[in-house]
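Novice: One predicted model, sequence on top.
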Amino acid sequence: MTLKEELATRAAATKQKLAPEKLAVMENATASLVDDHLISKTLKTGDHVKDFSLFNANNQKVSLSSVLKENKVVLSFYRGGWCPYCNMELKALQKVLPEIEANGAQLLAISPELPDHSLTTKEKNELSFEVLSDENNQVAKDFNLVFQMPLDLQKLYRDDFNIQVDVHNGNNLYELPMAATYIIDQSGKIIYHYINEKYVERAEPSELVTVLKNLP
């Protein structure tokens, strides 16, 4: 089963069991991102990426420039380890990691979660690639991926789902990145992008491998 199929199956099951008023809050939040044309402002293929340095799950600094000295980079922005769709994506990326690395790239995953929560995510999903903590979404903001959760969505997550986004992120901003995946060449240029306002949809890992294989 592809990641797309797995995500669609999960989304359909959630839609079946979730109360209509709760589902409406979630769907309205996604619709507002579409209406705001947030994707039109994001970095895309052909753009160059600013260097960044973030703490990994073990509180060690990892810089983009140091990785690019040796490899291309597959960069995946995800919301947090509390998000089941993010965990499904991370696990799917882990499965193709050998192929990503065999084709001259290193995989970096970024979320706004604090390093302790990133470590939990890494251990839970048995990830062997770097999981980085983007404090206050500073790097995601450079990519123009960040949005603020509407108040009704904040309340739904906190009171009904017991998801404490503020605790996970170490602030009360309630800001998240849209789901996005990039391939960056060694000059810092984006050569592939996937961005989606719908958090239940993600880049297909096999497509990333195909892109890397077809690079000159």
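Specialist: That came through fine. Numbering: from 1, shown residues only.
Novice: Do you have the helices of the protein handy? List them.
Specialist: 3-17, 20-35, 64-68, 84-102, 115-124, 138-142, 151-155, 165-169, 205-213 (DSSP state H).
Novice: centroid residue for the chain?
Specialist: In the chain, the C-alpha nearest the mean C-alpha coordinate belongs to residue 78, at 1.9 Å (C-alpha atoms, centre = their mean).
Novice: Name all residues that make contact with that one.
Specialist: 86, 89, 90, 109, 110, 111, 177, 179 (C-beta atoms under 8 Å, 6 or more residues apart in numbering). (Glycine included, C-beta is placed from N, CA and C.)
Novice: how much space between the first one and residue 38?
Specialist: This means residue 86. Separation of residue 86 from residue 38 (C-beta to C-beta, to the nearest Å): 19 Å.
Novice: Residue 106 too?
Specialist: 28 Å.
Novice: One more: residue 149?
Specialist: For residue 149, the distance to residue 38 - C-beta to C-beta - is 13 Å.
Novice: now the protein, which segments are flagged as low pLDDT?
Specialist: The chain contains no residues with pLDDT under 70.
Novice: Go again with 80.
Specialist: Applying pLDDT under 80 to the chain flags residues 119.
Novice: And the helices of the chain: which comes nearest residue 184?
Specialist: Of all the helices of the chain, it is helix 64-68 that lies closest to residue 184, at 7.1 Å by C-beta to C-beta.
Novice: can you give me the end-to-end distance of stretch 174-181?
Specialist: Counting by C-alpha to C-alpha, to the nearest Å, you get 21 Å between the two ends of stretch 174-181.
Novice: i'd like the first residue to be 203 from this point on
Specialist: Got it, first residue is 203 now, which makes that one stretch 376-383.
Novice: From the chain's centre, how far out is it? Work that out for me.
Specialist: 6 Å (C-alpha atoms, centre = their mean, to the nearest Å).
Novice: Can you point out the buried residues in that stretch?
Specialist: 376, 377, 378, 379, 380, 381, 382, 383 (16 or more other C-beta atoms under 10 Å).
Novice: Tell me what the third one is bridged to.
Specialist: On the basis of DSSP bridges, residue 378 takes part in beta bridges with residue 349.
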